[in-house]
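Visitor: Here's my sequence, what's the structure:
(one chain, ligands or ions: 1)
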Amino acid sequence: THFGFRTVRTEEKQGLVRDVFDSVAARYDLMNDLMSGGVHRIWKNALIDWVNPQPGQALLDVAGGTGDIAFRFLDRARHIGAVRRAERRDMGEDVDEPPPNTAEAAVTVCDINVEMLKVGRDRATDQGRLSGLTWACGNAESLPFPDRTFDHYTIAFGLRNVTNIDLALAEARRVLKPGGRFFCLEFSKVVVPGLDAAYDLYSFKVLPRMGQIVARNREAYQYLAESIRKFPPQDRLVEMMEEAGLRQSKYRNLSGGIACIHSGWRI
Ligand code: SAM
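Guide: Coordinates of the predicted model:
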């Protein structure tokens, strides 16, 4: 039963989002590569570059779906740990080799959709990732974690799907440690003249066709194009982050604004 208009709307959007990702979960990774021509990998690497993972850090990756950000974070932190150990060994220090698969950093992947989490967990197993990962089912608007828990918060191609962005931003700030940093990678407003028209054509004509053929779900990819158009543009999202209590909020456009990374600190 619904008690008010607002509740109904919220549940409708969340139900729709759940259906979309339920139906595409199995083919989600393939679709990402097809739709973006593999460019989503470059964008995700750009996010990780900016996050700058370090051994020992705790990341919360919200809307983490199939684990793309989590795996990159752990690999980078592990690589940096290995480089540091090698340097210390070169200096003549006695450095213990950590057991294989020890992440030395910890990522909690939180997603509202169990099917997406299952795909992520299976991928982790297939890749021999045995440590450093926790999978949690939860909503970005009411995170099931205590205050001041994480060094970083990331949300990649997820904030657009959240019903109440202000709530999600407030929750992000709440679970970050003081000195922790928020990052959002999301489709944004194209800032290059000419590119915007081509991009509209692509997202409203080509993309739904591809969704129909590859994922057998035209609606899901139509929803994608519409949700991108509705998402707050770069400067507005900066304002919303500041209103949620994040500080020094800024952004970097990727591929002419097709995607964008926002960053802000909990001070
Ligand atoms: N971060 C992954 C990536 O970059 O490949 C997955 C992005 S996928 C486009 C969006 C994800 O957001 C889906 O897995 C979906 O289940 C999740 N999601 C949607 N609404 C959510 C919410 N309110 N809270 C948490 N996750 C949500």
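Visitor: switch to C-alpha atoms for all contacts and neighbour counts from now on
Guide: Fine.
Visitor: What pLDDT is listed against Ala220?
Guide: We have a pLDDT of 81 for Ala220.
Visitor: Let the chain start at 2 from now.
Guide: Taking 2 as the first residue, the last one we looked at is Ala221.
Visitor: anything in the helix or strand containing it near the ligand?
Guide: In this structure, Ala221 is located in helix 219-231 according to DSSP states H and E. No - taking C-alpha under 6 Å from any ligand atom as the criterion, helix 219-231 and the ligand are apart, separated by no less than 8.5 Å.
Visitor: So which elements touch the helix or strand just after that helix?
Guide: Scanning the chain past helix 219-231 towards its C-terminal end, the next helix or strand to appear is helix 235-244 (assignment: DSSP H and E). Taking 3 or more C-alpha pairs under 8 Å, 6 or more residues apart in numbering; DSSP states H and E as the contact definition, the neighbouring helices and strands of helix 235-244 are helix 166-176, strand 248-255, strand 260-266.
Visitor: related to what we said a few turns ago, ok, and what's touching the helix holding Ala221?
Guide: The contact list for helix 219-231 (C-alpha atoms under 8 Å, 6 or more residues apart in numbering) reads 21, 161-162, 188-190, 204-205, 208-213.
Visitor: Keep only those of those residues that are in helices.
Guide: Filtering the contacts of helix 219-231 for membership in helices, criterion DSSP state H, returns Val21, Leu208, Pro209, Arg210, Met211, Gly212, Gln213.
Visitor: need the residues you listed in TSV with distance to Arg77, neighbour count and pLDDT, can you?
Guide: Formatted as TSV, the ones in helices among the contacts of helix 219-231 follow (distance: C-alpha to C-alpha, whole Å; neighbours: other C-alpha atoms under 10 Å; pLDDT from 0 to 100):
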residue	distance to Arg77	neighbour count	pLDDT
Val21	31	17	68
Leu208	32	22	88
Pro209	35	23	89
Arg210	36	19	91
Met211	33	17	86
Gly212	32	20	84
Gln213	36	15	88
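Visitor: Of these, which is the nearest to Gly66?
Guide: Using C-alpha to C-alpha, Val21 is the member of the ones in helices among the contacts of helix 219-231 that sits closest to Gly66, with 12.7 Å.
Visitor: mind checking the SS state of Leu75?
Guide: Three-state secondary structure (criterion: DSSP: H, G, I helix; E, B strand; the rest coil) places Leu75 in helix.
Visitor: Tell me how many other residues crowd it.
Guide: Residue neighbour count, defined by other C-alpha atoms under 10 Å, stands at 28 for Leu75.
Visitor: State the pLDDT value of it.
Guide: Confidence score, pLDDT, at Leu75: 96.
Visitor: Next, work out how far apart it and Ser189 are.
Guide: Here the distance between Leu75 and Ser189 works out to 27 Å (C-alpha to C-alpha, to the nearest Å).
Visitor: before we move on, the earlier item: of the ones in helices among the contacts of helix 219-231, closest to the ligand?
Guide: Within those, the smallest distance to the ligand is 8.3 Å, found for Val21 (C-alpha to the nearest ligand atom).
Visitor: Might one say that Ser264 is in contact with Phe184?
Guide: Yes - shown here, Ser264 and Phe184 form a contact pair, counting by C-alpha atoms under 8 Å, at 4.6 Å.
Visitor: Contact residues of the stretch 52-201 of the chain facing the ligand?
Guide: Within the stretch 52-201 of the chain, the positions adjacent to the ligand are 63-66, 69, 112-114, 117, 139-141, 157-159, 162-163 by C-alpha under 6 Å from any ligand atom.
Visitor: The closest residue in space to Phe151 that isn't next to it in sequence: how many residues sit nearby?
Guide: Closest residue to Phe151 in three dimensions, ignoring its sequence neighbours and counting by C-alpha to C-alpha, 6 or more residues apart in numbering: Leu177, at 4.8 Å. For Leu177, the neighbour count with other C-alpha under 10 Å is 25.
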